[in-house]
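Colleague: Below: sequence and its predicted model.
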2 protein chains.
Amino acid sequence: MALYRELVEKTKKEPLCVSYDLFIDQKDPGHFIFIEEWPDREALRIHCNTEHFKRLVPMINKYQRKDGTVMLMDSFE
Amino acid sequence: MALYRELVEKTKKEPLCVSYDLFIDQKDPGHFIFIEEWPDREALRIHCNTEHFKRLVPMINKYQRKDGTVMLMDSFE
């Protein structure tokens, strides 16, 4: 959990981060959902190249039951 | 789309609505995702009993390819 907490804290401080929040599925406490908002793909790419992302995500992934899924969305409005 | 727009506009005006946003899956423009935040289950229940919800959701559902899925989540923090 501490790994997630550090990732969230440091990501929220990234200049291009609009929002970055972590949620837990009420029906499955092992199912974590990030809901993130970035101005564009470049900002997301920069995020994925930060020191904290490259250090923490591999450590977090060691605990995964299965691979995560990523869904890129556009705002309806 | 107008049905969705009306549902979003009226829901955002509900006193207990923290946030209510609609997104479209970049890989599947027919896949709509609502990301909603309510203070508790009671607020969500009240939302589901509003005039606009009970009028618009059945109309929207006529266009569904398949049943929607609902995931209730808690904030990690």
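Modeller: Ah, there it is.
Colleague: average model confidence for the top strand by length along chain A?
Modeller: For chain A, the longest strand by residue count, based on DSSP state E, is strand A:28-37. Average pLDDT, strand A:28-37: 96.
Colleague: got the angle between the very next helix or strand once past that strand and strand A:28-37?
Modeller: Sequence-wise, the next helix or strand downstream of strand A:28-37 (DSSP states H and E) is helix A:41-48. Per axes from the mean of the first three to the mean of the last three Cα atoms, to 10 degrees, the angle that helix A:41-48 makes with strand A:28-37 is 130 degrees.
Colleague: Leaving out the residues flanking it, which one is nearest to the residue positioned nearest the centre of chain A?
Modeller: Geometric centre of chain A, nearest residue: residue A:34, 4.9 Å, by Cα atoms, centre = their mean. Nearest non-adjacent residue to residue A:34, counting by Cβ to Cβ, 6 or more residues apart in numbering or on different chains: residue A:22, 5.6 Å away. Just so you know, the C-beta spots here come from the backbone N, C-alpha and C atoms, and that holds for glycine as well.
Colleague: sorry, back to before: who does the longest strand of chain A touch, helix- and strand-wise?
Modeller: For strand A:28-37, the packing partners by 3 or more Cβ pairs under 8 Å, 6 or more residues apart in numbering or on different chains; DSSP states H and E come out as strand A:19-25.
Colleague: And the strand it packs on, what does it pack against?
Modeller: For strand A:19-25, the packing partners by 3+ Cβ pairs under 8 Å, 6+ apart come out as helix A:2-12, strand A:28-37, strand B:73-75.
Colleague: hmm, the last one touching chain A?
Modeller: Yes - using Cβ under 8 Å from any Cβ of the partner chain as the criterion, contacts between strand B:73-75 and chain A involve B:73-75.
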